[in-house]
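Q: show me the folded form of this:
(2 chains)
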2 protein chains.
Amino acid sequence: MQNRQIVLAQRPLGMIDETTTSLVTSERPTCADGEALVKVGILSIDPTIRTWMNDAPGYLPPISLGDPVRSGGAGVVVESRSSRYRVGDIVFGMTNWQEWAIASETNRFNVVPTGMGLDLATVMNVLGTTGLTAFFGLMEVGQFKTGDVVLVSGAAGATGSVVGQIARAKGAAKVVGIAGGAQKCAEVVQEYGFDECLDYHQPGLSRSIHRACPAGVDVYFDNVGGEILDAALANIAMHARIVLCGAISQYNAVEKPSGVANTSMMIMRRGRMQGFIVFDFAQRYAEAQLELAAMVLDGTVAHREHLVHGLEQAPAALNLLFTGGNHGKTLVVVDASVQLV
Amino acid sequence: MQNRQIVLAQRPLGMIDETTTSLVTSERPTCADGEALVKVGILSIDPTIRTWMNDAPGYLPPISLGDPVRSGGAGVVVESRSSRYRVGDIVFGMTNWQEWAIASETNRFNVVPTGMGLDLATVMNVLGTTGLTAFFGLMEVGQFKTGDVVLVSGAAGATGSVVGQIARAKGAAKVVGIAGGAQKCAEVVQEYGFDECLDYHQPGLSRSIHRACPAGVDVYFDNVGGEILDAALANIAMHARIVLCGAISQYNAVEKPSGVANTSMMIMRRGRMQGFIVFDFAQRYAEAQLELAAMVLDGTVAHREHLVHGLEQAPAALNLLFTGGNHGKTLVVVDASVQLV
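A: Coordinates of the predicted model:
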């Protein structure tokens, strides 16, 4: 009746290491009235987890030292004292890095619909916060419209790859990715169907963007921040929309990150830059999930999951996001028996 | 029958100097069918003129070498072969730095309404592009609403001072300015009625903004760019609107300007940053001018004009904008006899 947890032991400076987290064993939680006990099956490993480890203001409070690392995940309800959850339901929400979680009125989980013919890893990727971020970022924040030229950084990543594929499916004039290295760029084009992918390891990214998008970029979906955002800004079209989704280049930064100098392009081209968090669209997840599920099932959206096995591997899995060592949406399998039927 | 002109002789690096422009005398232009001859009375000296001198892409093409310096201005119609202009009309538009201009179908001028009891300098300030920029930037781009906390850089300047006064008149919760030096800061509070003004010459601007706006800034109106924009971004409230109007700190920059590092605040606070040019609202000038005229006449908007006399002083007047040597809206009087009656 134990609960293994990975807790935050010390706030990291730069990349996390073995001093950042500890594996501890506590008692398995029990559920009070209105709560349900969830056996965690799988964890969603997202760059934003790294930002929660800092003692800095964010869109959620920092993780407290000694608390399990905050994380999305999915599991199965094994006991319920809530009318919201039934035993056997597969639910997703904030499981955190542990084997057992409590779903309650304040820590709400959503029930994953069954019978779609999709496995849990796919659901956690395309129908989870990753795919929802891509969908709402492109369509709502980016106000995508048919004929737009779309540029996406982190294009080989879980969110970026879905952004480009939605844009392609909805009639973009051109979909251009930015990724690190020839192999990732090839994957973005061959696997995810982008028209072109630019390697930011090569010099002259701004000129490369100009060659790929000579009439300018209508929607730039930014997962990276810093110099890549600056290169994109130099190439925006009139009335461009810049979607700030993440700034992965800065999450491990020890020094003040390099700034964005081309803000005056926003004036000349009447650009609009807007930040968002997918939680802002929580009331509308269902509509997007239906559309995303259809796009997965009919093959419009290709996807790839990078499965890492074992709760104790979660910290290493997080670092993969920053070293580029992952290949698709990174998920940690805590208990492989938790599956959609 | 001559036309004195100040032409662009050489593209400047940094501040303009005596090698940048030349005073030349050419023949007074004559008007063809559909055109009118305008005797220039007054020039509007705006920071954006400096950007047009660079051989760089902008919202208008660069000024060609040998051409008169592009500039807004006003004058009186002395001859007309157009149904659009009547002899005696006071008109404003792109006069450029010269004594005589041609109004045509492609270089359109607007007729200044008479009988408002406002002098031409006031009209060129509050009812000209300066006041219109303040109005549309705050109300349309900034989506100002009653109860907003408004922060304005360049607050002692022609545009910034009007932004703050409109915000105050329309029910801002607090109006905070940023200006350079104690004297300008005092003027912003005493003359323009801001609640507070922060001196960016003092260290710790970001902390000062935090003290002045502890719940965060709802609308930041940026005339400056660079480090001041960065300090403002560090202090935005949820769903803040950042209005990019100008980047005067960068117009004379020889090296790549310092960048904006706090873009991830835009994600955490779901901020929206948008650039604009007042020309985008040209179809709606009249409605704004009526409202601005009313606010001048009833004393809601205080204003100050810095008059420089003589066409040949135009280059020196432009530099005043960057040295802070001006005091209010800078205008060059080319011919003092041109007046509204």
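Q: going forward, measure contacts and count neighbours with C-alpha atoms only.
A: Noted.
Q: how about the nearest residue to whichever residue of the stretch 1-150 of chain A sits closest to chain B, chain neighbours excluded?
A: Nearest to chain B, among the residues of the stretch 1-150 of chain A, is A:Tyr59, at 4.9 Å (CA to the nearest CA). Excluding the flanking residues, the one nearest A:Tyr59 by CA to CA, 6 or more residues apart in numbering or on different chains is B:Met268, at 4.9 Å.
Q: confidence score at the one you found?
A: Model confidence at B:Met268, given as pLDDT, is 93.
Q: just say helix, strand or coil for A:Leu320.
A: helix (DSSP: H, G, I helix; E, B strand; the rest coil).
Q: from B:Ala234, how far out is the residue nearest to A:Tyr59?
A: 11 Å (CA to CA, to the nearest Å).
Q: and A:Pro47, by the same measure?
A: 21 Å.
Q: counting neighbours, what do you get for the residue of the stretch 1-150 of chain A closest to chain B?
A: By other CA atoms under 10 Å in any protein chain shown, 17 other residues sit near A:Tyr59.
Q: in which helix or strand would I find it?
A: If you go by DSSP states H and E, A:Tyr59 is not part of any helix or strand.
Q: pretty sure it is touching B:Arg269, no?
A: Yes: A:Tyr59 lies in contact with B:Arg269 (CA atoms under 8 Å); the separation is 7.0 Å.
Q: so where does A:Val150 fall, helix or strand?
A: Element membership for A:Val150, per DSSP H and E: strand A:149-153.
Q: again, but for A:Val77
A: With DSSP H and E as the test, A:Val77 turns up in strand A:72-80.
Q: which residues are in contact with stretch A:327-341?
A: For stretch A:327-341, the surrounding residues in contact (CA atoms under 8 Å, 6 or more residues apart in numbering or on different chains) are A:40-46, A:75-76, A:90, A:99, A:114-115, A:118-121, A:125, A:156-158, A:303-311, A:313-314, A:317, A:321.
Q: swap that for stretch A:76-87, sorry
A: Contacts for stretch A:76-87 (CA under 8 Å, 6+ apart): A:31-41, A:88-91, A:104, A:111, A:338.
Q: may I have the phi/psi pair for A:His210?
A: Backbone torsions for A:His210, taken as degrees, to the nearest 10, come to phi -60, psi -40.
Q: tell me, how many residues neighbour it?
A: 18.
Q: got the contact list for it?
A: Contacts of A:His210 by CA under 8 Å, 6+ apart are A:Gly216, A:Asn235.
Q: next: A:Met238.
A: A:Gly216, A:Asp218, A:Arg269, A:Arg270, A:Gly271.
Q: looks like A:Gln10 contacts A:Thr19 (just checking).
A: Yes: if you go by CA under 8 Å, A:Gln10 and A:Thr19 touch, sitting 6.6 Å apart.
Q: more neighbours: which of these two?
A: A:Gln10 (18 against 11).
Q: direction included, what does the strand holding A:Val77 pair up with?
A: strand A:36-44 (antiparallel), strand A:90-94 (antiparallel) (DSSP bridges).
Q: list the buried ones in it?
A: Residues of strand A:72-80 classed as buried: A:Gly72, A:Gly73, A:Ala74, A:Gly75, A:Val76, A:Val77, A:Val78, A:Glu79, A:Ser80 (neighbour count, 16 or more other CA atoms under 10 Å in any protein chain shown).
Q: what does stretch A:37-53 give?
A: Result for stretch A:37-53 [16+ other CA under 10 Å]: buried residues A:37-47, A:49-53.
Q: enumerate the residues of the stretch 101-250 of chain A near chain B.
A: Within the stretch 101-250 of chain A, the positions near chain B by CA under 8 Å from any CA of the partner chain are A:Gly225, A:Gly226, A:Leu244, A:Cys245, A:Gly246, A:Ala247.
Q: which parts of stretch A:86-96 are buried?
A: For stretch A:86-96, the neighbour count (16+ other CA under 10 Å) marks A:Arg86, A:Asp89, A:Ile90, A:Val91, A:Phe92, A:Gly93, A:Met94, A:Thr95, A:Asn96 as buried.
Q: pick out the most distant pair among these.
A: The largest separation in those, counting by CA to CA, is between A:Arg86 and A:Asn96 at 20.6 Å.
Q: where exactly do the strands run in the stretch 151-300 of chain A?
A: A:174-179, A:196-199, A:217-222, A:236-244, A:272-275 (DSSP state E, counting those that start in this stretch).
Q: for the longest one, what is the average pLDDT?
A: Taken as a whole, strand A:236-244 carries a mean pLDDT of 98.
Q: got the angle between that strand and strand A:149-153?
A: 40 degrees (axes from the mean of the first three to the mean of the last three CA atoms, to 10 degrees).
Q: got the angle for strand A:236-244 vs strand A:217-222?
A: Going by the same axes, to 10 degrees, strand A:236-244 makes 20 degrees with strand A:217-222.
Q: list the neighbouring strands of strand A:236-244 plus their orientation.
A: Strand A:236-244 has its sheet partners listed here by DSSP bridges as strand A:217-222 (parallel), strand A:272-275 (parallel).
Q: only alpha carbons, please: show the longest one as PDB.
A: Just to be clear, that refers to strand A:217-222. Provided in PDB are the C-alpha atoms of strand A:217-222 (Å, rounded to 0.1, in the frame of the first residue of the first chain):
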ATOM      1  CA  VAL A 217       5.300  34.900 -42.700                       C
ATOM      2  CA  ASP A 218       1.600  35.300 -41.900                       C
ATOM      3  CA  VAL A 219       1.500  33.100 -38.800                       C
ATOM      4  CA  TYR A 220       4.600  32.300 -36.800                       C
ATOM      5  CA  PHE A 221       4.100  29.700 -34.000                       C
ATOM      6  CA  ASP A 222       6.900  30.000 -31.500                       C
END
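Q: contact partners of it?
A: A:137-138, A:142, A:144, A:148-154, A:160, A:163, A:229, A:232, A:235-247.
Q: rounded mean pLDDT for that strand, please.
A: For strand A:217-222, the per-residue pLDDT averages 98.
Q: next one: stretch A:102-121
A: On average, stretch A:102-121 scores 90.
Q: before we move on, what about stretch A:27-35?
A: Here the average pLDDT along stretch A:27-35 is 96.
Q: how close does the closest residue to A:Cys31 other than its chain neighbours get to A:Ile102?
A: Spatial nearest neighbour of A:Cys31, chain neighbours left out: A:Leu37 (5.9 Å); criterion: CA to CA, 6+ apart. Using CA to CA, A:Leu37 is found at 5 Å from A:Ile102.
Q: which residues do the two both contact?
A: Between them, A:Leu37 and A:Ile102 share the contacting residues A:Pro29, A:Thr30, A:Cys31, judged by CA under 8 Å, 6+ apart.
Q: if you rank those by neighbours, which is first?
A: Within the shared contacts of A:Leu37 and A:Ile102, most neighbours by other CA under 10 Å means A:Cys31, with 18 neighbours.
Q: quick revisit: for A:Val141, see how far away the residue nearest to A:Tyr59 is.
A: For B:Met268 relative to A:Val141 (CA to CA), the value is 14 Å.
Q: which residues touch the nearest residue to A:Lys174 once chain neighbours are set aside?
A: Nearest non-adjacent residue to A:Lys174, counting by CA to CA, 6+ apart: A:Val149, 4.8 Å away. By CA under 8 Å, 6+ apart, A:Val149 lies in contact with A:Ala172, A:Ala173, A:Lys174, A:Val175, A:Val176, A:Cys213, A:Gly216, A:Val217, A:Asp218, A:Val219.
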